[in-house]
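[1] sequence and predicted structure are below.
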Amino acid sequence: MKRIINHLVSCVYETKRVKTIVYLLLLVIICSTACKKASDGVLEPAPTDQKADLPAGAKDGVAFINNGTSAIVTLYSPGKKSVALIGEFNNWSTSATPMRNTTDGNYWWIQVDNLNPATEYAYQFYVDGSLKVADPYCEKVLDPDNDQYISAATYPNLKAYPTGKTTGIVSVMQANQPVYTWKNSGFTRPDKNNLVIYELLIRDFTSDHNYASTLAKLDYLTGLGINAIELMPVNEFEGNLSWGYNPSFTLPPISIMVLKPLCKTSSMNAMAAE
């Protein structure tokens with residue numbers, strides 16, 4: 001009888017030990033699954049390429065070479081561990097185009113080849129495996145929140161935002177952009193002592209909120225005795241409704257008001273003031 005009891009106690013002990021092992025295995029599996037789920041949707045940092053100083057012709061932003069079929073893209077971003085270039089040319093891959101870091105650690109750059117000079121390419125910088133930013137030196141941006149309110153009359157064929165590919169403000173580059181030919185070569189600026197300046201906000205001056213409709217009103221302004229226009233800020237700002245004193249980018253004209261070529265129209269030039 002004693003032997004039977006000892007055997008039962010031994011079985012119970014073994015059963016508990018097996019259960020403990022099983023519980024430990026389940027705990028490991030649960031933790032592993034939880035870690036995997038926590039990492040889902042988090043992009044891994046792009047690998048850092050070798051150190052290399054800026055090549056000839058590089059500048060802040062984009063420098064096109066090889067007749068526009070290649071571009072040297074540069075970002076001033078000291079103190080970062082990794083920067084990658086993402087965009088339509090690599091299907092927004094965060095690992096396909098790691099950028100090189102200069103030996104002083106201040107600049108990141110990469111050369112992109114096989115571009116079509118006539119094509120607009122959307123792109124961003126992917127910094128330290130977590131931050132996506134547009135090029136601060138770009139001349140055009142795409143806004144996922146506000147571009148939808150820009151009419152085709154104001155901006156025909158505005159490039160579509162790459163929905164589902166990325167998030168945040170996206171920069172755009174194009175080698176062969178439309179070139180404006182100045183037509184008014186004989187304009188004489190009024191003497192500064194005789195200037196009658198009209199400070200004008202393109203967005204509010206007409207109901208169409210754009211340059212084209214403003215140009216149609218120049219006769220009205222000259223009839224008032226105005227001989228110079230001081231435009232309120234026309235570069236990109238946050239949102240679409242603003243006086244422009246909250247700039248988000250320096251070089252791109254705000255898309256809600258203007259097509260870039262219209263910034264250089266000769267009629268507006270005839271009433272420009274610095």
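    That came through, no problem.
[2] in the stretch 151-274 of the chain, which spans are strands?
    170-173, 197-200, 228-231 (DSSP state E, counting those that start in this stretch).
[3] need the winner for burial among the ones you listed.
    Greatest average neighbour count among these goes to strand 170-173 (a mean of 24), per mean count of other Cβ atoms under 10 Å. Using the backbone N, CA and C atoms, a C-beta is placed for each residue, glycine as well.
[4] what lines up beside it in the sheet?
    Strand pairing for strand 170-173, using DSSP bridges, gives strand 121-127 (antiparallel), strand 141-142 (antiparallel).
[5] could I get those in JSON lines, plus columns for mean neighbour count?
    Below are these laid out as JSON lines (neighbours: other Cβ atoms under 10 Å):
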{"stretch": "strand 121-127", "mean neighbour count": "23"}
{"stretch": "strand 141-142", "mean neighbour count": "22"}
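[6] turn those strands into TSV, columns for distance to Ser207 and mean pLDDT.
    Formatted as TSV, the strands paired with strand 170-173 follow (distance: least, Cβ to Cβ, whole Å; pLDDT from 0 to 100):
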stretch	distance to Ser207	mean pLDDT
strand 121-127	31	98
strand 141-142	25	93
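[7] any low-confidence regions in the chain?
    1-49, 239-241, 251-274 (pLDDT under 70).
[8] before we move on, back to that, tabulate the strands of the stretch 151-274 of the chain (JSON lines), appending distance to Gly57.
    Shown next, in JSON lines, are the strands of the stretch 151-274 of the chain (distance: least, Cβ to Cβ, whole Å):
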{"stretch": "strand 170-173", "distance to Gly57": "15"}
{"stretch": "strand 197-200", "distance to Gly57": "39"}
{"stretch": "strand 228-231", "distance to Gly57": "33"}
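[9] rewinding a little: with distance to Phe249 as new columns, can the strands paired with strand 170-173 be given to me in a markdown table?
    Below are the strands paired with strand 170-173 laid out as a markdown table (distance: least, Cβ to Cβ, whole Å):
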| stretch | distance to Phe249 |
| --- | --- |
| strand 121-127 | 13 |
| strand 141-142 | 6 |
